[in-house]
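Novice: can't give you the sequence, but here's the structure:
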């Protein structure tokens, strides 16, 4: 027999379940937000030119080259799907990935997957490109040493066929 | 008159309040954890020698100096209160703060407060020290350019009087 007491107990149990469910949903949303939003250490910066990047990439200069340090440093945030054109550096480049997932390719070699914590060196005068994966963005620091030799020489865009070979 | 229906409603309300309270506590704990734990991009690394650091500092080498890039890069995590000895770099040093709060002092100048997103340049052959604040740790990348000139010359510890002048 269903008594009023039983209804009361069922009511309390149902309310508790609803609240726990709401709580779990809230935590799940937080986790999803953490997964999709990359850690931003520096200001987002200025949007890179369509002549040099495919998709949306943002550059923040951190250290301008001078005659004492002869080093240029900056941060680039690539939105998912964004990548640089092919380019080379007369004295090479060091990339430090601070968050997200992306790709790096030295011409003639397979595409490498790059992730938070990875460090990549590209030798002088070697063509390469770098950017985000299709689904997750990329936060990367670049270091260009020995800038008295030059900083960067830009070339053509990375076509979809090459970019998609990474996926 | 207090009916069984009223008791049932009160029961459901009480259960809902308890659940919401638990949910809020869970979120508050998450926020506190976020506040106290710094973002870790690289492995914690090896504990620095007591001869070179006061307190607990951990170094992870990321790029070893070579004849092509002539650049050394690494990450140091300073626990709260930890700092380097006084030291200098024959070709200077660039610091990039990726999380936390700390101090940097060039000899003869006031102590600077350094935080997530700050970039600091210390000129060649100038004595300086850097480390965490007393309450919050510091995650910092260092870049030593032109390593053909040398990397670092270590000197004496930073005494408490000097460190505490920063607070």
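Specialist: Received, thanks. Keep in mind it's a predicted model, so treat the numbers as computed, not measured.

Novice: per-residue confidence for residue A:7?
Specialist: Predicted confidence (pLDDT) for residue A:7: 52.

Novice: Tell me the first helix or strand C-terminal of the helix or strand harbouring residue A:131.
Specialist: Taking DSSP states H and E as the definition, one finds residue A:131 inside strand A:128-132. Once the chain leaves strand A:128-132, the next helix or strand it forms, by DSSP H and E, is strand A:138-144.

Novice: Given that following strand, what are its sheet partners and their directions?
Specialist: strand A:72-78 (antiparallel), strand A:93-106 (antiparallel) (DSSP bridges).

Novice: would CSV of those strands with mean pLDDT be doable?
Specialist: Formatted as CSV, these follow (pLDDT from 0 to 100):
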stretch, mean pLDDT
strand A:72-78, 98
strand A:93-106, 98
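
Novice: Determine which of those strands approaches residue B:64 most closely.
Specialist: strand A:93-106 (11.4 Å; C-beta to C-beta). From N, CA and C alone the C-beta is placed, and that goes for glycine too.

Novice: any idea of the mean pLDDT for the helix or strand just after that closest one?
Specialist: Once the chain leaves strand A:93-106, the next helix or strand it forms, by DSSP H and E, is strand A:112-115. Mean pLDDT, strand A:112-115: 98.

Novice: per-residue confidence at residue A:152?
Specialist: So, for residue A:152, pLDDT stands at 98.

Novice: Next up, the contacts around it.
Specialist: A:87, A:88, A:89, A:144 (C-beta atoms under 8 Å, 6 or more residues apart in numbering or on different chains).

Novice: Number of residues surrounding the nearest residue to residue A:136 once chain neighbours are set aside?
Specialist: With sequence-adjacent residues excluded and distances taken as C-beta to C-beta, 6 or more residues apart in numbering or on different chains, residue A:136 is closest to residue A:101, at 4.3 Å. Per other C-beta atoms under 10 Å in any protein chain shown, the neighbour tally for residue A:101 reads 19.

Novice: Likewise for residue A:137?
Specialist: 22.

Novice: ditto for residue A:72
Specialist: Neighbour count of residue A:72, defined by other C-beta under 10 Å: 20.
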